[in-house]
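[1] got a predicted model here, sequence first, then my questions.
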Amino acid sequence: MKLKYLVTVLPLLFSTTVFAQFEMSLKGGVNFATVRTTNIENADNLEYESITGLVFGPSGRLHLNEKIHLNSDFLFSTRGYSIYTFKTKINYLEMNLLVSYNVIDNFDIEIGPDFGFKIFIISDQSNLSNRSFNVMDIGATMGIRYTLANKFILSARYYHGLKSIAQLYRTSTSESKTFNRAIQLTLGYKIL
């Protein structure tokens with residue numbers, strides 16, 4: 001009888017403990033994004049300007065202890081660039097897994113890998129299409145997070161692409177590599 005009681009109660013206690021250590025929020029904000037092109041002659045002369053894109057979706061956080069947490073987002077995210085008079089927006093489903101360290105009450109620093117899956121692009125350049133860009137974008141994200149009134153989450157992050165998203169330029173001696181860069185500002189609201 002005691003064994004049946006123990007087998008029934010222990011999973012409930014464990015799930016309650018795990019559930020209490022997990023929080024979920026909805027977030028939205030903006031990306032200030034651009035690209036950097038390398039491996040081509042005169043790449044430094046390419047004057048990319050940033051574009052502003054939307055970012056929104058659910059976010060989860062698992063408390064491992066008082067100081068260390070795992071944060072993960074599943075976001076719709078617009079990155080891209082502007083060059084001369086042309087603007088290109090690349091829309092991704094973005095997923096990340098960030099390790100967060102609580103420096104002081106309600107203030108964390110976070111870092112980790114970030115993966116973007118291209119959905120579609122919008123471009124003023126007629127020679128660019130959805131096929132011009134790779135399906136996957138891989139990078140690293142680092143940033144800060146501040147919790148306000150135990151419900152609102154302000155975060156600022158920097159995204160640094162590590163995998164080339166396209167070969168936009170070619171010369172007789174080289175092919176370019178193009179990497180996403182973005183600053184992301186979001187406001188979240190805890191729902192769980």
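    Everything's here; your move. Numbering: from 1, shown residues only.
[2] where in this protein is pLDDT low?
    Within the chain, the stretches with pLDDT under 70 are 1-20, 41-45, 170-172.
[3] surely residue 25 is in contact with residue 155?
    No - assessed by CB atoms under 8 Å, residue 25 is found out of contact with residue 155, at 10.1 Å. Every residue, glycine included, has its C-beta placed from N, CA and C.
[4] what touches both of these two?
    Common contacts of residue 25 and residue 155, defined by CB atoms under 8 Å, 6 or more residues apart in numbering, comprise residue 188.
[5] tell me the contacts of residue 63?
    Residue 63 is in contact with 21, 22, 23, 69, counting by CB under 8 Å, 6+ apart.
[6] write the PyMOL selection for whichever of the residues you listed are buried.
    Here is the PyMOL selection string for the buried members of the contacts of residue 63, based on 16 or more other CB atoms under 10 Å:
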select buried, resi 23+69
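[7] kindly reformat the contacts of residue 63 as JSON lines containing secondary structure and distance to residue 174.
    Below are those laid out as JSON lines (DSSP: H, G, I helix; E, B strand; the rest coil; distance: CB to CB, whole Å):
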{"residue": "21", "secondary structure": "coil", "distance to residue 174": "50"}
{"residue": "22", "secondary structure": "strand", "distance to residue 174": "48"}
{"residue": "23", "secondary structure": "strand", "distance to residue 174": "48"}
{"residue": "69", "secondary structure": "strand", "distance to residue 174": "43"}
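[8] between all of the contacts of residue 63, which two are separated the most?
    Spatial extent of these (CB to CB) is set by the pair 22 and 69 at 10.1 Å.
[9] overlap in contacts of those two?
    Contacts common to residue 22 and residue 69, judged by CB under 8 Å, 6+ apart, are 61, 62, 63.
[10] fine by me, we can end here.
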